[in-house]
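>>> I would like the atomic coordinates for the input below:
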Amino acid sequence: EVQLVESGGGLVQAGGSLRLSCAASGFTFDDYAIGWFRQAPGKEREGISCISKRYGRTYYADSVKGRFTISSDNAKNTVSLQMNSLKPEDTAVYYCAAGLVCGRGYNYWGQGTEVTVSS
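Numbering: from 1, shown residues only. Next up, the predicted model:
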């Protein structure tokens, strides 16, 4: 069974940090890119970062560039998203997803973890 399980969300003050994790199972982790997305209340889902393990590349949306860092622990089948200098506008449900190529269709999705940044 394919599973993507996010963890690490919570409540943090503006300027603080959180580290999200995405634990993957049920598919060949090394063959897939892992993306992070978020959806704030009343807004469309936004792709914010992706890591392509096959090509050794990372991607960031302008809204998080310089503040968020994506990394992969292939031994643990886990992708993390380190989020620093958080802003109230980062408040959203954060999802990870697996696809063959960053920026293309994603085959598998997690259930999400909620992040709330208070001002």
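>>> Quick one: residues in contact with stretch 79-91.
12, 14-22, 24, 34, 36, 38, 40, 49, 51, 64, 67-73, 94, 96, 115-119 (Cβ atoms under 8 Å, 6 or more residues apart in numbering). Heads up, the C-betas are built off the backbone N, CA and C, glycines and all.
>>> try it again with 7 Å
12, 14-22, 34, 36, 40, 49, 51, 67-72, 96, 115-119 (Cβ atoms under 7 Å, 6 or more residues apart in numbering).
>>> what do you get for stretch 25-36?
With Cβ under 7 Å, 6+ apart, stretch 25-36 has contacts from 1-3, 22, 47-53, 70, 72, 74, 77, 79, 81, 94, 96-102, 106, 108.
>>> try it again with 6 Å
With contact meaning Cβ atoms under 6 Å, 6 or more residues apart in numbering, stretch 25-36 is reached by 1-3, 47-53, 77, 79, 81, 96-99, 101-102.
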